[in-house]
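**Q** I need the structure of the sequence given here:
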Amino acid sequence: MNEYEVTYTNGQVVEIEAFYRGVHEAGVRPISAGGDHSITYPIFRAIAAQWFYMGPSGSGVAMKLVVNTLLGVGMQALAEGLALGSKLGLPHDLLFGTLAKSAVVAPALIGKLASAERSDYTPQFPIRLMDKDFTLILDAAGNLNIWMPTTAAAAAISARETASGPEEDFSAVVRHMEKAAMQEDWPSWD
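**A** Numbering: from 1, shown residues only. Next up, the predicted model:
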């Protein structure tokens, strides 16, 4: 059937499927890989108009960390902007609707914005996986002596939301920030 024998554990398959299902449902069609190009080349030619060969084994994982840095930090920035807009008294539908049509919200987050507007945090890309990726990202940054304060802040919020309850989508940080905006006491940023 398949001339290439590739085996995965059930956990790996679930994580891979969950990540790409969430990204796919957001309207993004990412394809990245490293390793044996003789295997990936015909697959990518068949399914993608645009794709990127990342290099030797491990390069696809490295690119995934870069992509998920932007995805996770972008979601946190969106969550904070929504909390601010809400606290400033902007009408819910106008706030979400305007952002959905603006150029400042990444295409990968538009679907998440629509789900958050409905308070639907059904896991497509589970927050525990975003949390895991933030850990991998910050570990890699630490090993490379790269300071990533924005990513560290987003990771801390993600970790809190992961620990707070049932499995939800990584966009649940929107609800987390909306609740936090209702608090009266905030830590000083000084």
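**Q** any low-confidence regions in this protein?
**A** Residues of the chain that meet the criterion pLDDT under 70 lie in 1-49, 184-190.
**Q** let's see it at 90
**A** 1-61, 63, 107-108, 164-166, 180-190 (pLDDT under 90).
**Q** all strands of it, in order?
**A** With DSSP state E, the ranges of strands along the chain come out as 32-33, 52-53.
**Q** I'd guessed A114 sits against A100; true?
**A** Yes - contact criterion Cβ atoms under 8 Å: A114 and A100 qualify, at 6.7 Å. Bear in mind the C-beta positions are built from the backbone N, C-alpha and C, glycine included.
**Q** for D169, give its distance to G97.
**A** Going from D169 to G97 by Cβ to Cβ, to the nearest Å gives 20 Å.
**Q** neighbour count: the two, which is higher?
**A** More crowded of D169 and G97, by other Cβ atoms under 10 Å: D169, with 24 against 14.
**Q** gap between the more buried one and P126?
**A** If you go by Cβ to Cβ, the gap between D169 and P126 works out to 7 Å.
**Q** ok, I146 - how many residues close by?
**A** 11.
**Q** and what of R128?
**A** For R128, the count of nearby residues is 19 (other Cβ under 10 Å).
**Q** which residues touch S86?
**A** Listed by Cβ atoms under 8 Å, 6 or more residues apart in numbering, the contact partners of S86 are H92, L95, E178, A181.
**Q** and if you look at L70?
**A** L70 neighbours (Cβ under 8 Å, 6+ apart): A106.
**Q** again, only using 10 Å
**A** By Cβ atoms under 10 Å, 6 or more residues apart in numbering, L70 lies in contact with A106, A108, L109, T151.
**Q** as TSV, the residues you listed with distance to N143 would be great.
**A** Conversion of the contacts of L70 to TSV gives the following (distance: Cβ to Cβ, whole Å):
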residue	distance to N143
A106	27
A108	27
L109	28
T151	14
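**Q** out of these, which is nearest to M130?
**A** Among the contacts of L70, T151 lies closest to M130 (Cβ to Cβ), at 11.5 Å.
**Q** residues in contact with the closest one?
**A** N68, T69, L70, G72, V73, Q76, F134, I137, L138, A141.
**Q** ok, L71 touching L129?
**A** No - using Cβ atoms under 10 Å, L71 is not in contact with L129, being 11.0 Å away.
**Q** more neighbours: those two, which one.
**A** Between L71 and L129, counted using other Cβ under 10 Å, L71 has the larger neighbour count: 26 against 21.
**Q** leaving out sequence neighbours, find the closest residue to that one.
**A** Leaving aside its sequence neighbours, L71 sits nearest to A108 (Cβ to Cβ, 6 or more residues apart in numbering; 6.0 Å).
**Q** what is the neighbour count of the one you found?
**A** There are 19 residues near A108, going by other Cβ under 10 Å.
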